[in-house]
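Asks: Let me see the structure of the following:
(2 chains)
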There are 2 protein chains.
Amino acid sequence: MPTGARLTASREMEDALMYLPRKGVMDFRKGQVIFDEAQPSRGLYLVVQGRVKMCVPLHDGCQTVMDIFTTDDFFGESSLVGAAHTHERAVALDHCTLMAWTPSEIEDQVGKQPRLGVALLQMLVKRSLDYEERLQSLALDKTPERVIRSLLCFADRLGARGEDGSATIPALTHQVISEYVGTSREIVTFQMNHLRQSGYIRYSRKSIQVYAGALREHLRQRTGEAIDWGTAEGRSMTAAERSI
Amino acid sequence: MPTGARLTASREMEDALMYLPRKGVMDFRKGQVIFDEAQPSRGLYLVVQGRVKMCVPLHDGCQTVMDIFTTDDFFGESSLVGAAHTHERAVALDHCTLMAWTPSEIEDQVGKQPRLGVALLQMLVKRSLDYEERLQSLALDKTPERVIRSLLCFADRLGARGEDGSATIPALTHQVISEYVGTSREIVTFQMNHLRQSGYIRYSRKSIQVYAGALREHLRQRTGEAIDWGTAEGRSMTAAERSI
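Replies: Numbers count the residues shown, from 1 in each chain, chains lettered A, B, ... in the order given. All right, here's what the predicted structure looks like:
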């Protein structure tokens, strides 16, 4: 049932896991902080079960959601470059079960099993490529396209594929989506309503069902881009139109 | 003379280079494509001399500049996950001298020298953290703040520090800055003029001189944020104000 992207991700994770010693699991309840400025990270984490929101909080209570991780995803890799980057906050979105390895354990293990180094390198390269796509979307897309891209991304990474080709994402609030997209909760709600009325998505308190094929075609028509993001022609409505 | 950030970066690069066999150098003239969809990447590149622009081109001739690399920087790491991500284009911004290692050479060398794996991992983690800052800026900042942050970033990474504390960046066109910031060339020129009239920068065809301390304080006053980006309160003028 997983999509191509998840299959690829799983193959990598299995590689990395093949070379990592099993650790005792840790449980976090929904909403619990896993690490932040006050509670230091333990190192590199693996999501065994549940979902984790990684964000950068601002003083006024707002935050930007950098990523959402689910089963078999690693996070907290910033611990590998020392304690200077404690502005990240990881929070359990559901009840979560995690494993963690300290930076020294990772380095020792890479020394014993160099293929672990290669597997982790590949994982970080893929993450950088994801960030590049989001940077491009933030630089060039208007908000409706950014909301659509975030839904397609969540469908791909967090969704379970149904028989009708739709992907069902476990509950994700409009607030979390807005912090990921970089807009207000109200605008996300407006856009989600519009997409629901047009039949591209369905949602309830429990889940968001995304008709990814139709939604991707809708995005393509809006932006005039080819299906591959890399060949997008989304520039027609650029950031130049934003307030200066 | 290098800033703190460059010192840190250099330490890493020396680590990675300590474990990499020397290769023959390749020269590229200014404006020459190093790799793109048509000319495949040779693997992981090191800038020996000059500057390299990494961008994702769009069909209409526009592009987003993802990063600019200079002496001792590595780029082209997407080759480590295979040929699927050929939408990147690397172009020589100056006359450039480069070295390159194929993905197999990197993997073999990590096998022999696992510390190389750790050094490259740390480099990619730092790059991800840079992307996170840019994502946050694109999501929350208006264009003037984005231009200021890009100048501070270039001053830090590409600039030579003068005796008066200013950083001198070799020529960088307003077009390149606009493709990095995600706005039009005209808006960048308008903002640069404004910053020049206010005494925060000076520029000519040959270079941009950035008074980084004063410019950082100016940014802080504009956004009300603490000096550490991670504690920014820049949310007051958010993407919510953009067209939906």
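
Asks: domains of chain A?
Replies: As given by automatic domain parsing, the domain ranges for chain A are A:4-127, A:141-231.

Asks: what's the closest of the ones you listed to residue B:127?
Replies: Smallest distance to residue B:127 across the domains of chain A (Cβ to Cβ): 8.2 Å, for domain A:4-127. Heads up, the C-betas are built off the backbone N, CA and C, glycines and all.

Asks: ok so, going back, dump the domains of chain A into TSV; add distance to residue B:188 and mean pLDDT as well.
Replies: Output for the domains of chain A, formatted as TSV (distance: least, Cβ to Cβ, whole Å; pLDDT from 0 to 100):
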stretch	distance to residue B:188	mean pLDDT
domain A:4-127	24	86
domain A:141-231	19	90
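
Asks: For those domains, give me a markdown table that also has distance to chain B and mean neighbour count.
Replies: Shown next, in a markdown table, are those (distance: least, Cβ to the nearest Cβ, whole Å; neighbours: other Cβ atoms under 10 Å in any protein chain shown):
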| stretch | distance to chain B | mean neighbour count |
| --- | --- | --- |
| domain A:4-127 | 2 | 18 |
| domain A:141-231 | 3 | 18 |
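
Asks: what ranges do the helices span in chain A?
Replies: Ranges of helices in chain A, per DSSP state H, are A:4-18, A:103-112, A:114-140, A:143-158, A:174-181, A:185-197, A:212-223.

Asks: before we move on, the earlier item: any chance of TSV for the domains of chain A, columns distance to residue B:170?
Replies: Shown next, in TSV, are the domains of chain A (distance: least, Cβ to Cβ, whole Å):
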stretch	distance to residue B:170
domain A:4-127	28
domain A:141-231	29
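
Asks: Which of those sits closest to residue B:41?
Replies: Using Cβ to Cβ, the domains of chain A put domain A:4-127 closest to residue B:41, at 12.2 Å.

Asks: That closest one: how far from the chain's middle?
Replies: 12 Å (Cα atoms, centre = their mean, to the nearest Å).

Asks: how much space is there between residue A:69 and residue A:48?
Replies: Distance from residue A:69 to residue A:48, counting by Cβ to Cβ, to the nearest Å: 11 Å.

Asks: Same check on residue A:66?
Replies: Distance from residue A:66 to residue A:48, by Cβ to Cβ: 21 Å.

Asks: How about residue A:162?
Replies: 24 Å.

Asks: What residue in chain A is the furthest from its centre?
Replies: residue A:112 (30.6 Å; Cα atoms, centre = their mean).

Asks: Now for it: which residues touch it?
Replies: With contacts defined as Cβ atoms under 8 Å, 6 or more residues apart in numbering or on different chains, residue A:112 is in contact with residue B:114.

Asks: Also residue A:166?
Replies: A:209-212.

Asks: I'd like to know which of those are part of strands.
Replies: With DSSP state E as the criterion, strands contain A:209-210 from among these.

Asks: Return the closest of the contacts of residue A:166 with respect to residue A:57.
Replies: Set against residue A:57, the nearest of the contacts of residue A:166 by Cβ to Cβ is residue A:210 (27.9 Å).

Asks: Give me the spatial nearest neighbour of that closest one, chain neighbours excluded.
Replies: Spatially, and ignoring its direct neighbours in sequence, residue A:210 is nearest to residue A:155 (4.1 Å; Cβ to Cβ, 6 or more residues apart in numbering or on different chains).

Asks: Was I right to think residue A:213 contacts residue A:164?
Replies: No - counting by Cβ atoms under 8 Å, residue A:213 stays clear of residue A:164, with 10.1 Å between them.

Asks: intersection of neighbour lists for the two?
Replies: With Cβ under 8 Å, 6+ apart as the test, residue A:213 and residue A:164 reach no residue in common.

Asks: Tell me how many other residues crowd residue A:138.
Replies: Residue A:138 has 22 neighbours, counted by other Cβ atoms under 10 Å in any protein chain shown.

Asks: gap between it and residue B:131?
Replies: Counting by Cβ to Cβ, the gap from residue A:138 to residue B:131 is 11 Å.

Asks: Please apply the same query to residue A:52.
Replies: Where residue B:131 is concerned, residue A:52 sits at a distance of 19 Å (Cβ to Cβ).

Asks: Same check on residue A:187?
Replies: 24 Å.

Asks: what do you get for residue A:98?
Replies: 24 Å.

Asks: For stretch A:22-37, measure first residue to last.
Replies: 27 Å (Cα to Cα, to the nearest Å).

Asks: Ok, stretch A:36-55 next?
Replies: 9 Å.

Asks: same check, this time on stretch A:174-191
Replies: 10 Å.

Asks: Name the residues that touch that stretch?
Replies: Contacts of stretch A:174-191 (Cβ under 8 Å, 6+ apart): A:53, A:55, A:62-65, A:68, A:93, A:138, A:143-144, A:146-147, A:150-151, A:192, B:135, B:138-140, B:238-240, B:242, B:244.

Asks: For stretch A:73-85, report the contacting residues that lie outside it.
Replies: A:9, A:13, A:16, A:35, A:40-47, A:52, A:54, A:67, A:69, A:88, A:90, A:100, A:102-103, A:106, A:120, A:123-124, B:118, B:121-122, B:125-126, B:128-129, B:230.

Asks: Find the nearest non-adjacent residue to residue A:92, please.
Replies: Residue A:92's closest residue in space is residue A:28 (Cβ to Cβ, 6+ apart), at 4.0 Å.

Asks: make that residue A:127, sorry
Replies: Nearest one to residue A:127, counting by Cβ to Cβ, 6+ apart, is residue B:128 at 6.0 Å.

Asks: Compute the number of surrounding residues for that neighbour.
Replies: 20.

Asks: wait, doesn't it sit right on residue A:126?
Replies: No - taking contacts as Cβ under 8 Å, residue B:128 lies outside contact range of residue A:126: 10.8 Å.

Asks: how far away is residue A:153 from residue A:213?
Replies: Distance from residue A:153 to residue A:213, by Cβ to Cβ: 15 Å.

Asks: brain fart, residue A:223
Replies: From residue A:223 to residue A:213 the distance is 16 Å (Cβ to Cβ).

Asks: now residue A:172
Replies: As judged by Cβ to Cβ, residue A:172 and residue A:213 stand 20 Å apart.

Asks: what's the answer for residue A:66, then?
Replies: Distance from residue A:66 to residue A:213, by Cβ to Cβ: 28 Å.

Asks: cool, residue A:74 as well?
Replies: 29 Å.
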